[in-house]
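**Student:** Return atomic coordinates for the entry below.
(2 chains)
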Amino acid sequence: CTPTVRVEVAPISIYAKLDHDVRIRLDEDAKALVQQNPNLF
Amino acid sequence: MTPTDPTADQNDELMFPVRTSTLGTFSRVISGDAKAGGGEKGRPGKKTKKGGGNGRPPKSGAGKAGQIIGLTLCGVAVIGVAAVVARKEIAREIAQGWLRSQQIDSELKIGRLGLDHAEGSIRLGKATSPDVILNDFRIDYDLNLFAGQGKPMARFKRIHLTKPEIALSLTSKGLNFGTLDPLIQSIMSSPSNKGEAPHEVLIENAVVRLKTDYGTINATGRVQMQAGRLQQLNLNIPSTRLSGPLGEGSLRDGSIHARSVGEGLKIEGKFAVGDWEMKPGKAGDVTRLKGVQLDLTSNLPYRQLEQAANLKASPLAEFSGPLEAHMKVAADELTTGMTALKGVKADASILAALSFERDETRLEGQSRFQGRAQSVTQGAMLGRDVYLDASSLNLSFAHSSKKPTPQAPDAGGSHIWVDGPLQARIGLYRQDGVEVSNARADLEKVALHIAGAESDISFKGSAYAGRMSAADLSLDRVNMTVSGNAKAEAGLNGAAENGASAWTAAIKTNLSSRHGSYKGLDEMAATRRKDLQAVVYPEPVGTDTPPVPVAPIKADAVIALQDAARAFSLDANDINIKLDGAAGKPVAFDVRTKTPITVIPETGGKLTLTPDGTRPLIASAASATRAAFGLKLEGENLPEVSAFLSDMGFGQNGQLGGKLDVDAKFNFAPVTAAVTKARGRFTVAGGRTAFVLDDCMPFSAARADIGGRLEGLTANICATEAPILTMERGQWQSAGAFEDLKLNAPDYEARLSNAKGRFNAFSTRSGAPNGAGFRITVASAEAHDTADKTRFNPVTVAGKLDQDATRMTGRLGVKPLNPAVRERVTGDLARIDIVQDARSDAGYALISTGDMVFSPDGLQPIDLTPQVATVATKNVTGAATFDGRFDWSRTGTPTSQGRLRLNDIDFEGPVGKAQDLRGDIEFTSLSPLMTPPGQIISVASLTTAVPLTDINTSVQFRGDHLALAAATAMSPGGQFGLEPMDVPLAENVPIKGALTFSQLDFGKIIAATDLGRDMKFEGTVTGRMPFEVNGSRINFAQGELHGDGPGRLSIQRAALQGVASSGAVTAEGPDVPAQAPADASKVVEDMAYQAMENMAYSDMSATINSLENGRLGFNFKIKGRYDPPKKQEARVSYVDVIRGRLFDKPIDLPSDTGVDLNLDMTLNLDQVLDDLMAFEAQKAGLK
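**Tutor:** Below you'll find the predicted structure:
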């Protein structure tokens, strides 16, 4: 076992950016499904 | 016998009003052989007179009596002379034999018989009915037995008769002397001879029985003649009761006194009749008289003509000369047929020259006539205080006995001319509703000419009437000029077949009055004034457009017309009236003018009647041309009317009809500024006026206050089976159909269009609270909402409205207008019941939907109102009920209230799928929508971006917005809330509010959303997110949240788009060599990722703001420490440290390393919303 050394980490300041995108679309299958079952949704 | 001695031997003839021939001699009578002049065989000789007239005018009765007497005496005297001894018997036998030869019964008694005197008594005619009885005759005579050459043998000197009794008849068959008639007729035709007249004739205490068609008149009298010339005549008729074929009556007394004075004969007659009835003559009318008094005084010419030549001019020549007569007649009552006169007085006098030429009789002179009657009635006509005064008339009369010849067809016959001024006055004239009072006519010239069966009259002058009135119309102080002529003739214009008379008249007149008035509108105007003064028009609700002002009361058509009709002046000039009358036919008339007739009210304005140049104003049925004229009414407050009446006239049944084109602008509360244009036909018959439209008439009104303020009303009014307007005895009715009716109801924020149906309006009895009643049937009408925030989708309305004298009631059904919806939704959406009390003008309208059951294939809320568009667009199930009412009264703005109950409603919409929506909303106003605070609307669940449950809102409708007092909803992470906020109902008005949450399990929220893919959260947060919704955009600003305490955060490394971190990483320990500075950023960055994957925070807050790019930004400030599930230290291989490759490989972040995270997280919110809308639209488009 190789000798390890303990690392000290000072408090970290983080700036993070999270851009969340949501898209709502009917794809072709869903379209066909809806046409066959108008009351599906 | 004491006859008065004759003064002179005059050879005049006895003229007792009529002429009689002189007594012939006895011999002439016996021998019968006429002397000079010859004569037909067997007839006494005719002394031909120059110009011997064979058309001698008829002889009067009294003269004939003298003849009779004279004839008889002559016989007696001759016989006396011949037989002196048995003279009496011989004379009696000769006389009676002769009389028998004349078919005359007789009985002769001779008292004395001498050479110059004879006395006795004689009866002529049957004993049972003697014609003449001479109770006591005394005759003095001269005998000349040898006279020869036609001279008389005996010449009477004095005849004295006492108490003679004479019976004769004067009937429609003529004068008749009974059995003496043949004898007298032959005497009458023998020539008279002046020289033979007795010196004196005296008849005393004579009794005359005159049989007439009216009964027998018994008169007593005295006659005195000298030399054949009347000196005195007194005839007295005692009071008697008469009855005959042609009439009966009571004669109170009568007398005739005649005296000859110089060249004249003064005659005075007096008659007094109690009552008198004359049976039907040719016309078949019974004539009755009561209390008649006749006084006649006259001076007739009675000349003493010596020259025979003059006699030859005319047998009546001695009556030629100045004539003066004065007659006064008074009758209490005179009735004939349908005509009755009372209190009649007539006073006529004449001063003329009378002349009898051969074939001509002429009279030329002056006359004066005054007549009055207290009353004259004929059928429906009444005249009172009638007075005629013709103070100086020129009078001419001519009669010619010549026979008409082809060369002179007009020869012969009689002519009368009368001309001169005439004044007539009448106190009162009344007929068929027309009344004229205190009227007078001053005709400066009246010219009358009568010739046989023809008569014509012309007149010119002026007339005045104190008042002329018909029904409610009256003209005071009317001045007229009158001129014209009239012609009457048998055979005129086709009336001659039965010889009936016919007449024509042409009158021209100008008529003007400064004081006309019409009261026909008074009652209606009074009612309307009272009603309109009581009306308080409510303050307008919607004031975006200034309301159309209501017409002032004085501009109301009826009130304005009544004000104008109260006092006006009238001018009608150049009026030409043509009249044609014939027996048994109605009078034909034709009234025309070329000059407009004007009526100018004192209050201003003008009514002009403009004649059509070639057509009459009015004409009778027989007239060939129909009437036409224009009417124009103008003036402040007055209705503006422009009308043209044409093809107007009377039908055969007396009905007046014609065409009417009218354009009118008027106010007729509750309608303001109405405009219409009507074309049709009118009829007037039996007091009923009806107007029928030819085709539909456009109608518009700026405003109509019917159940609220209606504006901009337009419609087409069309005819139905009933007339559009009927008026009769002060009542009216209007029935028709309306189409394309449009109007705005700003107080209800609604408008109607394409309305059609029927109406029947009518006047109620006077004094009723409602002046007018109506029934309106609305077949269909479109109702559109005009509120800023449309409350309801267009619907159709149908039903009935009824108003009688006291109340209005109505029921309307509401259906969706959209055909697609109508296919899914049968039956009414709602029913409206309307009630209004006429006394108070207070009323209400109840709106009830009953249970509206929503189903995907049936009714959907979006069908009803767009206001649910942002909430529930489709697949709505459940039921709702709405009951509302509008209340209005005369004195206030309409109020309204209602209740909306929502039960178990599931729906879908842009915000997601909702289940079990409930609500029970009490509206305190429906226009605008107002409720008290605390109206609870709850939704069991709403599957939206964040699934919500137990949504409860407390709202208050406040007209243009909803005041949200509170709203809570449970989300997977806990309760959300909305701070009190106003939700404007108008579109495109931003909605501002704030979303609040406390102790919200933010982790569950994140987990329940798409964010759960990238991050996990544990911990509750509290915060507030102010937002503004603008159309389909939501904008958050200054939102903030903070953790309620420690929690945990885990962000997937892949989700992050960028990390920047800082921190010191050092290898620690005693035997760790100093390292050279190296770039630790990679390691630190990796450590940052590790930290964000398992962070336990102690303090967390975030600001929330919408960003420019349509994204929603969360800026987190999180303090905490790295807390991986398994405690870990950061250890690196010693070798790496030594080799200075500390940072070449990631290093595990040691647990509990302090982390200070500034996380910028954004969400494509606008895109999500757009996608949601598009998603909904796509789904809807696929159906």
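
**Student:** where do the helices sit along chain B?
**Tutor:** B:26-31, B:61-82, B:87-101, B:181-188, B:308-313, B:522-534, B:557-566, B:819-824, B:861-864, B:1002-1008, B:1081-1093, B:1134-1138, B:1165-1182 (DSSP state H).

**Student:** Residue B:699: which of the ones you listed is closest?
**Tutor:** Closest to residue B:699 of the helices of chain B, according to Cβ to Cβ: helix B:557-566, at 14.4 Å. C-beta here means a position set from N, CA and C on the backbone, and glycine is covered the same way.

**Student:** ok, and for the closest one, which residues are buried?
**Tutor:** B:557-566 (16 or more other Cβ atoms under 10 Å in any protein chain shown).

**Student:** give the contact list for the closest residue to chain A within chain B.
**Tutor:** Relative to chain A, the nearest point of chain B is residue B:1154 (3.0 Å; Cβ to the nearest Cβ). Going by Cβ atoms under 8 Å, 6 or more residues apart in numbering or on different chains, residue B:1154 touches A:10-12, B:1119-1121.

**Student:** Please render the buried residues of helix B:557-566 as a markdown table that adds pLDDT and distance to residue B:799 to the earlier fields.
**Tutor:** Output for the buried residues of helix B:557-566, formatted as a markdown table (pLDDT from 0 to 100; distance: Cβ to Cβ, whole Å):
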| residue | pLDDT | distance to residue B:799 |
| --- | --- | --- |
| B:557 | 91 | 30 |
| B:558 | 88 | 30 |
| B:559 | 92 | 33 |
| B:560 | 94 | 35 |
| B:561 | 92 | 35 |
| B:562 | 92 | 36 |
| B:563 | 93 | 39 |
| B:564 | 94 | 40 |
| B:565 | 93 | 40 |
| B:566 | 93 | 43 |
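
**Student:** so what's residue B:881 closest to, chain neighbours aside?
**Tutor:** Take residue B:881 and drop its neighbours on the chain: the residue closest to it by Cβ to Cβ, 6 or more residues apart in numbering or on different chains is residue B:901, 4.6 Å away.

**Student:** Which pLDDT value does the model give residue B:873?
**Tutor:** Looking at residue B:873, its pLDDT is 70.

**Student:** what's the answer for residue B:197, then?
**Tutor:** Looking at residue B:197, its pLDDT is 71.

**Student:** That one and residue B:230 touch, don't they?
**Tutor:** No: using Cβ atoms under 8 Å, residue B:197 makes no contact with residue B:230, being 11.3 Å away.

**Student:** thinking again about what came up before, just the buried ones from the contacts of residue B:1154?
**Tutor:** Using 16+ other Cβ under 10 Å, the buried members of those are A:12, B:1119-1121.

**Student:** Report the lowest-confidence entry in these.
**Tutor:** Within those, residue A:12 has the lowest pLDDT, namely 86.

**Student:** Looking at chain A, which strand is longest?
**Tutor:** strand A:12-20 (DSSP state E).

**Student:** Who are the packing partners of that strand?
**Tutor:** strand B:1058-1062, helix B:1081-1093, strand B:1154-1163 (3 or more Cβ pairs under 8 Å, 6 or more residues apart in numbering or on different chains; DSSP states H and E).

**Student:** how about the helices in chain A?
**Tutor:** Counting by DSSP H, the segments of chain A that form helices are A:28-36.

**Student:** Endpoints of stretch B:860-876, how far apart?
**Tutor:** 6 Å (Cα to Cα, to the nearest Å).

**Student:** Which residues does it contact?
**Tutor:** With contact meaning Cβ under 8 Å, 6+ apart, stretch B:860-876 is reached by A:39, B:789-793, B:816, B:818, B:821, B:824-825, B:829, B:852, B:854-856, B:880, B:905-911, B:914, B:917, B:985, B:1176, B:1180.

**Student:** Buried only: go through those for me.
**Tutor:** With neighbours counted using 16+ other Cβ under 10 Å, the contacts of stretch B:860-876 contain these buried positions: B:789-793, B:816, B:821, B:825, B:829, B:852, B:854, B:856, B:880, B:905-911, B:914, B:917, B:985, B:1176.

**Student:** Just the ones of the contacts of stretch B:860-876 in strands?
**Tutor:** Counting by DSSP E, the members of those that fall within strands are B:816, B:852, B:854, B:880, B:905-909, B:914, B:917.

**Student:** Greatest separation within these: which pair is it?
**Tutor:** Using Cβ to Cβ, these reach their maximum pairwise distance at B:816 and B:914, which is 23.0 Å.

**Student:** Pull the distance from stretch B:888-899 to the chain's centre.
**Tutor:** Relative to the mean C-alpha coordinate of its chain, stretch B:888-899 is positioned 39 Å out (Cα atoms, centre = their mean, to the nearest Å).

**Student:** I'd like to check what contacts that stretch. Which residues are they?
**Tutor:** B:534-536, B:538-539, B:541, B:707-708, B:747, B:836, B:840-844, B:847, B:881-887, B:920-927.

**Student:** can you rerun that using 7 Å?
**Tutor:** By Cβ atoms under 7 Å, 6 or more residues apart in numbering or on different chains, the surrounding residues in contact with stretch B:888-899 are B:534-536, B:538-539, B:541, B:708, B:747, B:840-843, B:882-887, B:921-927.

**Student:** Mind checking which of those residues are buried?
**Tutor:** Looks like the contacts of stretch B:888-899 have B:538, B:541, B:708, B:747, B:841, B:843, B:882-886, B:921, B:923, B:925-927 buried, using 16+ other Cβ under 10 Å.

**Student:** What count of nearby residues applies to the residue nearest to residue B:1136 when sequence neighbours are not counted?
**Tutor:** Leaving aside its sequence neighbours, residue B:1136 sits nearest to residue B:1142 (Cβ to Cβ, 6+ apart; 5.8 Å). Neighbourhood size, residue B:1142 [other Cβ atoms under 10 Å in any protein chain shown]: 23.

**Student:** Residue B:697 now?
**Tutor:** 19.

**Student:** do residue B:585 as well
**Tutor:** Residue B:585, neighbours per other Cβ under 10 Å, totals 14.

**Student:** Measure how buried the residue lying closest to residue B:945 once chain neighbours are set aside is and give me the count.
**Tutor:** Excluding its sequence neighbours, the residue lying closest to residue B:945 (Cβ to Cβ, 6+ apart) is residue B:1009, at 6.2 Å. When neighbours are counted by other Cβ under 10 Å, residue B:1009 registers 16.

**Student:** With residue A:23 instead?
**Tutor:** When neighbours are defined as other Cβ under 10 Å, residue A:23 has 9 of them.

**Student:** Tell me where the model's unsure across chain A.
**Tutor:** Filtered on pLDDT under 70, chain A yields the residue ranges A:1, A:25-41.

**Student:** list the contacts for the residue of chain A found nearest chain B?
**Tutor:** Per Cβ to the nearest Cβ, residue A:11 is where chain A lies closest to chain B, at 3.0 Å. Neighbour list for residue A:11: B:1063, B:1153-1156 [criterion: Cβ under 7 Å, 6+ apart].

**Student:** hmm, try it at 10 Å
**Tutor:** When contacts are counted by Cβ atoms under 10 Å, 6 or more residues apart in numbering or on different chains, residue A:11 is found next to B:1062-1064, B:1091, B:1119, B:1121-1122, B:1153-1156.

**Student:** Nice, that's everything, thank you.
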